[in-house]
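# coords please:
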Amino acid sequence: MKEIIDSLGLNEMDLFANAFEHAPIGMALVAPDGRWLKVNQSVCEIVGYSEEELARKTFQEITHPDDLDSDLAFVEKLMSGEISTYRMEKRYFHKKGNIVWVWLSVSVVRDESGMPVFYISQIRDITDRKKNEAALGLLLENSPDIITRIDRERRILFVNQAVDDYLGFPGKKLVGRNFVEVFHELELNPSLLENIEKSMATGEKVTFHYPSALVPGDFFLVTITPEFYGGNEPETFLTIFRNITDLTVAEMALKKRESELNSILTRMSSVIARLDREFRVVYINDAIKAETGVPASAFIGRTLAEMNLPDGIGQILQEEITTVFSGGENREIEFDRQAPEEGKHYLGRFSPEPDEKGEVSSVLMLIVNITERKKSELELKGALEQVRKLEGMLPICSYCKSVRDDQDYWRNLDEYISRHSGTQFSHSICPNCYESKVKPEIEEFKKKAKKGNAP
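Residues are numbered from 1 along each chain as shown. Modelled structure (predicted):
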């Protein structure tokens with residue numbers, strides 16, 4: 001750097017003077033008693049006075065009386081060495097009489113003995129911003145959200161009416177106080193201070209959930225927004241507390257129910273899965289491990305094709321799911337798997353899940369192992385077949401051949417058949433019966449007739 005300075009034929013004072021004069025913001029050297037020693041053109045434009053006119057005045061003369069005490073208090077701390085710099089919003093009176101809002105940043109230059117020689121003041125015109133803030137302030141003041149603004153020195157610059165309502169005392173009492181002190185007095189949740197310090201350190205917006213320490217059970221969504229006034233570093237930080245207690249309680253209840261439901265689904269023996277339009281598994285319960293030997297986590301994010309299900313089951317399921325996506329109606333099928341030890345049977349149910357537009361965005365799949373049910377059905381079928389066979393048998397007397405009907409009466413065979421079929425009988429004698437029954441009776445009759453004993 002020194003080589004560059006030397007090559008330009010400049011010394012450090014020349015560089016300082018050049019940067020001072022042409023700075024885009026107001027720059028001023030101010031004596032310990034408040035006299036304007038040196039100002040650049042930007043300061044003159046901000047307050048409307050020429051450099052010669054300001055040289056005959058002090059900063060106290062053109063400072064708004066409502067801001068003077070705060071400014072002088074900082075100056076006193078600066079002179080005593082209690083602080084090395086300070087920043088504040090304040091008002092100057094323009095030469096024309098109107099009020100000019102500025103953002104003032106002050107540091108001190110001391111001599112070898114440590115006595116203040118002059119103050120270096122950086123002055124930014126924030127009048128337009130303050131006008132906008134005035135309109136915005138009405139919204140902030142009446143917002144149901146709790147809103148505060150603090151500066152880099154952790155001083156509280158603004159609180160709205162909602163602070164009064166929540167704390168139960170006038171929040172305006174906090175204005176001007178150090179936020180860290182207030183934080184410890186009110187015993188606030190540590191996460192608040194941690195995130196404010198984080199935003200100050202990074203200059204970035206921070207959003208976080210905040211459980212209240214003042215009112216147990218209350219929850220807030222807190223946003224800390226750095227505010228820049230033309231420089232590279234934020235000067236103030238707007239903090240907004242939005243009460244989300246009702247929403248948080250509802251979410252906690254929903255999460256609890258989801259956890260309970262997930263616990264139930266996990267313990268179910270049936271496979272339950274949700275698939276998106278790409279046939280990718282979004283959710284699947286642990287029952288899949290009992291059927292495949294693979295844990296549920298291994299299926300999440302995979303498509304049916306990538307799951308390599310045996311016996312073409314993946315293709316069967318995909319065809320049914322495709323139909324549900326296109327038709328938007330429930331589907332149900334039965335399918336088999338040829339397991340190594342024995343065949344298994346399944347019932348698949350598929351239900352469409354529409355999104356807020358009414359379009360099917362996913363399909364809920366339920367796969368029930370019905371192997372035991374199928375076995376029971378086969379056993380029942382065999383039993384019914386046996387019953388039908390038993391129903392086709394007639395109790396018949398071994399001697400007289402009479403038949404017992406369903407009313408437990410014994411009837412002649414021809415009578416039973418006639419009753420149940422309408423068949424009419426014409427009686428005759430078969431050859432076998434003639435030889436074994438009739439013929440012997442005739443022979444016996446003839447013998448009796450010869451002896452004179454025939455009727």
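# going forward, measure contacts between C-alpha atoms and count neighbours the same way
OK.
# using the three-state scheme, assign Cys400.
Using DSSP: H, G, I helix; E, B strand; the rest coil, the structure places Cys400 in coil.
# Tyr229 too?
Following three-state DSSP, the label given to Tyr229 is coil.
# what does the one 10 residues further on give?
Put simply, Thr239 is strand when judged by three-state DSSP.
# pLDDT score for it?
Looking at Thr239, its pLDDT stands at 92.
# host element of the residue lying closest to it once chain neighbours are set aside?
Excluding the flanking residues, the one nearest Thr239 by Cα to Cα, 6 or more residues apart in numbering is Ile224, at 4.5 Å. In the assignment (DSSP states H and E), Ile224 maps to strand 219-227.
# now that strand, how far from the chain's geometric center?
When C-alpha coordinates are averaged (Cα atoms, centre = their mean, to the nearest Å), strand 219-227 and its chain have centres 19 Å apart.
# may I have it as PDB, with CA atoms only?
The C-alpha trace of strand 219-227 is given here as PDB (Å, rounded to 0.1, in the frame of the first residue of the first chain):
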ATOM      1  CA  PHE A 219     -45.100 -20.300  21.100                       C
ATOM      2  CA  PHE A 220     -43.900 -17.600  18.700                       C
ATOM      3  CA  LEU A 221     -42.400 -17.500  15.200                       C
ATOM      4  CA  VAL A 222     -39.600 -14.900  15.500                       C
ATOM      5  CA  THR A 223     -38.000 -13.100  12.600                       C
ATOM      6  CA  ILE A 224     -34.900 -10.900  13.100                       C
ATOM      7  CA  THR A 225     -34.300  -8.700  10.100                       C
ATOM      8  CA  PRO A 226     -31.100  -6.600   9.800                       C
ATOM      9  CA  GLU A 227     -31.700  -3.100   8.500                       C
END
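# quick one: strands adjacent to that strand?
In the sheet, strand 219-227 lines up against strand 206-211 (antiparallel), strand 236-243 (antiparallel) (DSSP bridges).
# one step back: which residues pair with the residue nearest to Thr239 across the strands?
Here Ile224 sits in beta bridges with Val206, Thr239, as judged by DSSP bridges.
# looking at it now. What's its pLDDT?
94.
# just Arg274 next, same as before
On pLDDT, Arg274 comes in at 90.
# with Gly392 instead?
Confidence at Gly392, expressed as pLDDT, is 62.
# for the residue nearest to Ser269 when sequence neighbours are not counted, what are phi and psi?
Distance criterion Cα to Cα, 6+ apart; nearest residue to Ser269, sequence neighbours excluded, is Ala287 at 5.4 Å. Ala287 adopts backbone torsions of phi -60, psi -20, taken as degrees, to the nearest 10.
# which pLDDT does the model give Ala287?
84.
# quick one, phi psi at Lys77?
With angles defined as degrees, to the nearest 10, Lys77 sits at phi -70, psi -30.
# how close does it get to Met268?
According to Cα to Cα, to the nearest Å, Lys77 stands 72 Å off from Met268.
# picking that back up, touching the strand holding Ile224 from outside, list them.
With contacts defined as Cα atoms under 8 Å, 6 or more residues apart in numbering, strand 219-227 is touched by 195-196, 199-200, 203-212, 234-245, 248.
# and what of stretch 115-122?
With Cα under 8 Å, 6+ apart as the test, stretch 115-122 has contacts from 25-32, 79, 103-111.
# switch to 10 Å and redo it
Here stretch 115-122 makes contact (Cα atoms under 10 Å, 6 or more residues apart in numbering) with 20, 23, 25-39, 43, 75, 78-81, 85-87, 102-111.
# same question for stretch 337-351.
Counting by Cα under 10 Å, 6+ apart, 270-274, 309-313, 317, 320-321, 323-325, 328-336, 360, 362-375 sit against stretch 337-351.
# at 8 Å what do you get?
310-311, 313, 320-321, 324, 329-336, 363-371, 374.
# and for stretch 182-191?
174, 193, 210-214.
# can I get it in PDB, CA atoms only?
The C-alpha trace of stretch 182-191 is given here as PDB (Å, rounded to 0.1, in the frame of the first residue of the first chain):
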ATOM      1  CA  VAL A 182     -33.900  -6.500  29.800                       C
ATOM      2  CA  PHE A 183     -33.400 -10.000  28.600                       C
ATOM      3  CA  HIS A 184     -31.900 -11.100  32.000                       C
ATOM      4  CA  GLU A 185     -34.400  -9.100  34.000                       C
ATOM      5  CA  LEU A 186     -37.400 -10.800  32.300                       C
ATOM      6  CA  GLU A 187     -35.600 -14.200  32.300                       C
ATOM      7  CA  LEU A 188     -36.400 -14.700  28.600                       C
ATOM      8  CA  ASN A 189     -35.700 -17.900  26.700                       C
ATOM      9  CA  PRO A 190     -31.900 -18.100  25.900                       C
ATOM     10  CA  SER A 191     -32.600 -18.900  22.200                       C
END
